[in-house]
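> generate a structure from the sequence data that follows.
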Amino acid sequence: MGVFKYSPVDFLLICAGLVFLLLDIVLDIFAVVSFYQEKAYVSFGILLLLLVGSSCLVQAFSWLWYSYEDFKRETKVEKFLSQSQLGLLHVLQLGIYFRHAGVVEVSLCSSYSKLPDPQGMAVYLSHDLSLLRLIETFSESAPQLVLMLTIIMQRGELSPVTVLKAFGSASAIAVSVTMYHRSLRSFLPDKAKQQMISSLVYFLWNLLLISSRLTALALFASIFPCFIFSHFLCSWLVLFFFVWRSKTDFMESPCGEWLYRATVGLIWYFDWFNVVEGKTRYRTAFYHGYILVDISLLCSLWCWKMITEPPYFEISFLHAVITAVSVVSCYLLGLFFKMIYYKTCHPNLTKEELEGGTAEKTHVGQGPSRIKTFAGDVPDFPMSLLEDSIPQMMTITMRSDEEEGVSDRVGPSQPAPDIKRYNKRMRKLAENFYS
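The predicted model follows:
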């Protein structure tokens, strides 16, 4: 397995993600205080619910992933805390920030130190963080952007707080999507051939699809604010059913798997997310067809309502039609760029061709620690059979030493090969994305 190289672009994205994270927190506070001072208690309650719900969801995933790894902590920032203190931080909704601080710490050491990073620790830690940021994006930033656009449309005016919050949410979505794609690219054997243009095209079609989806939801919510919750609940139930039927196998516990499926249903409400390995062309086409019909229906209802009974300001028939058609056309344009990406920039690889897992499987018989790691990578491996084979392997090793002579046995042994770390969760997502 090749070494996971941490490039300066990845370091800049990590720093940009930290800046946008802090900016998003500040804007969240200003938005909550602003809604409260304006006595907009409905918007205040919805925003508070989104912030608390998204934070609890992200902290739950972070804690589950720590528990799956027996609470092993890799950085000085994380080792500073005991297991109970780490759990308390997650209860206080601060666990992900220490993850981010640990990634920044290792990233600085990897970027400015002349010593190599044989285990690829910087990339290993950034993988979990990029996935957590993606979950936070579609559970907080995307719904917030819909809320802000709805308020702007209903008021017919642009306040500084709503504009800044909308800009901050859009920037967070763009950075999170790009970081997630960069994390997937780290498993490609020929990463050098994957130029930055692939990430730019990936960012472009996601931006068009997500912007169109969020705008259509905001248009519908501006005229039918109560029905948007019914629309979300019904859509989420349908999407959750299809996630369940996909038989995902991502988490290492039944409760965690159901939480993951519910989260994927939430992500699918805004954008497509690969969850199963193999060809997903028909599933993707069915999903985009469903979302395109839904967007067209939402825009048509908004257009009809604005023409017949405008709730807050009058708009001409031509402008209403142009707005609705523009939103649908934006989604179609995003699908066009997505096809370009899959035709020109997307490599189709098998599971064996992706990086990760080769070195671990090569050195199975080097002790109990390697056996445990191998069994963790392949849950269905019969441990009893492997344990029974250990004495035979030790006997073969002793016989080989006797045949080679005492002088060879007492001589200096060859250093053990480096064991590269790789993130099993992100590798599974890479298998789903590239296969």
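
> which SSE is immediately downstream of the longest helix along the chain?
Longest helix in the chain, counting residues (DSSP state H): helix 8-37. Using DSSP states H and E, the helix or strand that follows helix 8-37 in sequence is helix 41-68.

> tell me what angle that next one forms with helix 8-37.
Put simply, helix 41-68 runs at 140 degrees to helix 8-37, going by axes from the mean of the first three to the mean of the last three CA atoms, to 10 degrees.

> other SSEs contacting helix 41-68?
Helices and strands touching helix 41-68, by 3 or more CB pairs under 8 Å, 6 or more residues apart in numbering; DSSP states H and E, are helix 8-37, helix 83-91, helix 95-112, helix 121-136, helix 142-155, helix 254-268. Where C-beta positions appear, they are placed from N, C-alpha and C, glycine not excepted.

> mean confidence score for the helix or strand that that helix is followed by?
Downstream of helix 41-68, the first helix or strand assigned by DSSP H and E is helix 76-79. Regarding helix 76-79, the rounded mean pLDDT is 78.

> mind exporting helix 76-79 as CSV, just the C-alpha atoms?
Only the C-alpha atoms of helix 76-79 are listed here, as CSV (Å, rounded to 0.1, in the frame of the first residue of the first chain):
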residue,chain,number,x,y,z
LYS,A,76,-1.3,15.4,22.0
VAL,A,77,-4.5,17.4,22.1
GLU,A,78,-6.6,14.2,22.5
LYS,A,79,-4.2,12.4,24.8
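
> start the count at 35, not 1, going forward
Let's use 35 as the start, then, which means that last one is helix 110-113.

> ok, residue 371 to residue 336 distance?
Noted for residue 371: a distance of 25 Å to residue 336, by CB to CB, to the nearest Å.

> who has more neighbours, the two?
residue 336 (23 against 18; other CB atoms under 10 Å).

> that one contacts residue 253, doesn't it?
Yes - contact criterion CB atoms under 8 Å: residue 336 and residue 253 qualify, at 4.1 Å.

> which stretches of the stretch 235-384 of the chain have low pLDDT?
Applying pLDDT under 70 to the stretch 235-384 of the chain picks out residues 312, 347, 382-384.

> the helices in the stretch 285-434 of the chain, which residues?
288-302, 315-342, 351-378, 392-396, 402-411, 417-438 (DSSP state H, counting those that start in this stretch).

> tilt between the first one and helix 315-342?
Using the same axes, to 10 degrees, the direction of helix 288-302 lies 50 degrees away from that of helix 315-342.

> who's in contact with the spatially most central residue of the chain?
Central residue of the chain (CA atoms, centre = their mean): residue 165, 2.9 Å from the mean position. Applying CB atoms under 8 Å, 6 or more residues apart in numbering, one finds that residue 165 lies in contact with 95, 214, 217, 459, 460, 463.

> so which of the helices and strands packed on helix 75-102 is the most packed in?
Ranked by mean neighbour count, those are led by helix 155-170 with a mean of 24 (mean count of other CB atoms under 10 Å).

> what is the helix or strand residue 262 falls within packed up against?
Applying DSSP H and E as the criterion places residue 262 in helix 261-279. Packing contacts for helix 261-279, counted by 3+ CB pairs under 8 Å, 6+ apart, involve helix 230-257, helix 288-302.

> make JSON lines out of these and add distance to residue 348.
Formatted as JSON lines, the helices and strands packed on helix 261-279 follow (distance: least, CB to CB, whole Å):
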{"stretch": "helix 230-257", "distance to residue 348": "13"}
{"stretch": "helix 288-302", "distance to residue 348": "36"}
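
> pLDDT weak spots in the stretch 85-234 of the chain?
Counting by pLDDT under 70, the stretch 85-234 of the chain contains low-confidence residues at 144-154, 156, 191-193, 195-205, 208, 223-229.

> now do 50
By pLDDT under 50, the low-scoring segments of the stretch 85-234 of the chain are 152-153, 226.

> residues contacting the nearest residue to residue 213 once chain neighbours are set aside?
Leaving out its chain neighbours, the residue that sits closest to residue 213 by CB to CB, 6 or more residues apart in numbering is residue 164, at 4.5 Å. For residue 164, the contacting residues are 210, 213, 214, 216, 217, 460, by CB under 8 Å, 6+ apart.

> so which of those sit within helices?
Per DSSP H, the contacts of residue 164 map to helices at 210, 213, 214, 216, 217, 460.

> between those residues, which has the most around it?
That'd be residue 210 among the ones in helices among the contacts of residue 164, by other CB under 10 Å, with 26 neighbours.

> thought it was touching residue 163?
No - assessed by CB under 8 Å, residue 210 is found out of contact with residue 163, at 10.2 Å.

> who's in contact with stretch 284-294?
Defining contact as CB under 8 Å, 6+ apart, one finds that stretch 284-294 is touched by 91, 94, 95, 98, 102, 282, 283, 309, 459, 462, 463.

> neighbours of the fifth one, how many?
Read it as residue 102. Count around residue 102 with other CB under 10 Å applied: 16.

> which residues sit in contact with it?
Residue 102 is in contact with 285, 286, 287, counting by CB under 8 Å, 6+ apart.

> of these, buried ones?
The neighbour count (16 or more other CB atoms under 10 Å) marks 285, 286 as buried among the contacts of residue 102.

> and of the contacts of residue 102, the nearest to residue 468?
residue 285 (21.0 Å; CB to CB).

> quick check: phi and psi at the closest one.
phi -90, psi 170 (degrees, to the nearest 10).

> ok, now how distant is it from residue 102?
Counting by CB to CB, the separation of residue 285 from residue 102 is 8 Å.

> what's the neighbour count on the closest residue to residue 335 other than its chain neighbours?
Leaving aside its chain neighbours, residue 335 sits nearest to residue 254 (6.3 Å; criterion: CB to CB, 6+ apart). By the measure other CB under 10 Å, the count of residues near residue 254 is 24.
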